[in-house]
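[1] With the sequence up front, the predicted model follows.
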Amino acid sequence: MRAFSYHIPTQIEFGNGAIARLPEFVKALGGSRVLVVGDPGVQRVGLIDRVQAILTGASIFNAVYADVESDPATRSVDEGTVHGKANGCDLVVGIGGGSALDTAKAIGLMLVNDGNIKDYVGIGKVPRAGAPVIAVPTTAGTGSELTIWSVLSDKVAKAKISVGSALNCPAIALLDPELTLSLPPQITAATGMDALTHALESYVNTATQPISEAMSDQAMTLIARSLSKAVADGSDVEARGDMLLASTIAAMAFNSTRLGLVHAFAMPLGAKFGIPHGLVNAIMLPEVMRFNHLANPRKFARIAEIFGEKTAGLSVEEAAALSVSAIEKLKLDVGITAKLSNFGVTEGRFDEIVDEAMLSGNVPVNPRQPTNDDMKALLRAELV
């Protein structure tokens, strides 16, 4: 067995109604002036008001920055940092989906570190720990509540940029399934497929190791049991809890392993065509699995079993092939039928998409190494 390293600095707190414990965690981290970071949607449904009421009720000062956009621009980090510094904030509470949490984490860094967030693009470039961040996810997909990454958008270059550092991990991930109950079915489906892609790509890639494998397996088991239920009945708090845990556990896996071709494609397709991250993952996942499954048939056979395929009496290769149809069935079950052409992707743009995708650090760990022509074929298969 090859050597590996596993590290996760984030404390995880899970439970229905756990948001009520927020003041306890703020005080434990030494915070006295809190910047609450979210997006207009979270503010519109009253969750930011709820957080403020909890903090104010415990006599904890709080200010709000709620202008985080989808696929957040570096502008959001700059504005939030200015607002946090102007209010003397020493702790950040991020509440929302991946965009809000990624922005909150980056603001936490910039409350302490000099320069601009763009100075720290890449991995391991952040010099000092930022202000503590408590991450409160309201979707079950990105895993941003404990990953090392903040994925931001350079709107001028129409490109995604990533800041990766162990210093970017939140101090606490506060997981309250009740906060996800109002998530619409289509977002539940897309974010759930995002969590699945995280777990699956981490499970089969060449950087996987026993700890991440166990977590990926558990995350997929929870998703197989509860994604369809959560989409069909958003009030099913048990299914919501399963999905929230699955998202976080999948992030614990890929945080140390990276991912694969689906996420390599997701960066340019998201930046250039505005395809929501979970949805682009859902679109590309089955075709990438079809490309990869014979490179690691034992793992793909296990995926087929997790998602209920009957594999008894089949060769491992035959069982592996069933994993693709299992995920295609799941996509249809949760109502995802979109294709790349629905978002303006054309074959004439394939070169620029593939050129950018091939630069991703997720390509070298993919179980099968693609050529540029392979990558174009994968796009073509999901075009219409």
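    Yes, it's here. Treat the numbers as computed from the prediction; the structure is a model and nothing was measured. Numbers count the residues shown, from 1 in each chain.

[2] any idea how far A171 is from I48?
    For I48, the distance to A171 equals 20 Å [Cβ to Cβ, to the nearest Å]. Every C-beta, even on glycine, is put in place using the N, C-alpha and C of the backbone.

[3] What of S182?
    Per Cβ to Cβ, S182 is found 27 Å from A171.

[4] quick one: which of these two has more around it?
    The neighbour comparison of S182 against A171 (other Cβ atoms under 10 Å) goes to A171, with 22 against 12.

[5] which residue lies farthest from the center of the chain?
    G313 (36.4 Å; Cα atoms, centre = their mean).

[6] Any idea what V37 is bridged to?
    Beta bridges link V37 to Y65, G94, judged by DSSP bridges.

[7] shouldn't it be in contact with V68?
    Yes. Between V37 and V68 there is a contact under Cβ atoms under 8 Å: 6.6 Å.

[8] any residues in contact with both of these two?
    Contact with both V37 and V68 is made by residues 80, 96, 100, 103, according to Cβ atoms under 8 Å, 6 or more residues apart in numbering.

[9] Which ones among the residues you listed map onto helices?
    The helices, defined by DSSP state H, take in 80, 100, 103 from the shared contacts of V37 and V68.

[10] Do you have the helices of this protein handy? List them.
    Here the chain has its helices, by DSSP H, at 22-28, 40-44, 47-57, 74-86, 98-110, 185-204, 210-232, 237-254, 261-273, 277-292, 297-306, 316-333, 350-357, 372-381.

[11] Compare those and report which one is nearest to P9.
    For the helices of the chain, distance to P9 was read as Cβ to Cβ. The smallest value, 11.5 Å, belongs to helix 237-254.

[12] Now the two most distant members of the shared contacts of V37 and V68.
    Applying Cβ to Cβ across the shared contacts of V37 and V68, the maximum distance is between G80 and G96, 12.6 Å.

[13] who touches both of those two?
    In terms of Cβ under 8 Å, 6+ apart, G80 and G96 are both contacted by the residues 37, 68.

[14] now the protein, which segments are flagged as low pLDDT?
    For the chain, applying pLDDT under 70 flags no range at all.

[15] Of the ones in helices among the shared contacts of V37 and V68, which is the nearest to E309?
    Nearest member of the ones in helices among the shared contacts of V37 and V68 to E309, counting by Cβ to Cβ, is A100, at 36.5 Å.

[16] okay, now the closest one: neighbour count?
    Using other Cβ under 10 Å, A100 has 31 neighbouring residues.

[17] right, and it touches G94 too?
    Yes. If you go by Cβ under 8 Å, A100 and G94 touch, sitting 5.5 Å apart.

[18] Quickly list what's touching both of those two.
    Residues touching both A100 and G94 (Cβ under 8 Å, 6+ apart): 37-38.

[19] Now do the contacts for E328.
    Applying Cβ under 8 Å, 6+ apart, the residues contacting E328 are P286.

[20] where's it relative to S360, distance?
    The value you get for E328 to S360, if Cβ to Cβ is used, is 24 Å.

[21] neighbour count winner among V37 and V68?
    V37 (35 against 29).

[22] tell me the domain boundaries of this structure?
    Following automatic domain parsing, one finds the domains of the chain at 11-180, 185-381.

[23] For S5, which of those domains is the nearest?
    Proximity to S5, assessed across those by Cβ to Cβ, is greatest for domain 185-381 (7.2 Å).

[24] For the closest residue to D333 other than its chain neighbours, grab the count of nearby residues.
    Counting by Cβ to Cβ, 6 or more residues apart in numbering, D333 lies nearest to S228, which is 5.1 Å off, once chain neighbours are set aside. S228 is flanked by 19 other residues according to other Cβ under 10 Å.

[25] now D217
    For D217, the neighbour count with other Cβ under 10 Å is 18.

[26] so it makes contact with R302?
    Yes. Contact criterion Cβ under 8 Å: D217 and R302 qualify, at 7.2 Å.

[27] need the contact list for the spatially most central residue of the chain.
    For the chain, the residue nearest the mean C-alpha position is T142 (1.8 Å; Cα atoms, centre = their mean). Going by Cβ under 8 Å, 6+ apart, T142 touches 97-98, 101-102, 191, 194-195, 247, 251, 277-278.

[28] quick one: which of the residues you listed is nearest to G234?
    Looking at the contacts of T142 and their distance to G234, the nearest is T191, at 12.3 Å (Cβ to Cβ).

[29] got a list of what that closest one touches?
    Applying Cβ under 8 Å, 6+ apart, the residues near T191 are 97, 139-142, 183, 247, 278.

[30] how about the nearest residue to it, chain neighbours excluded?
    Leaving aside its chain neighbours, T191 sits nearest to G141 (2.8 Å; criterion: Cβ to Cβ, 6+ apart).

[31] any idea how far the one you found is from A18?
    Distance, G141 to A18, using Cβ to Cβ: 19 Å.
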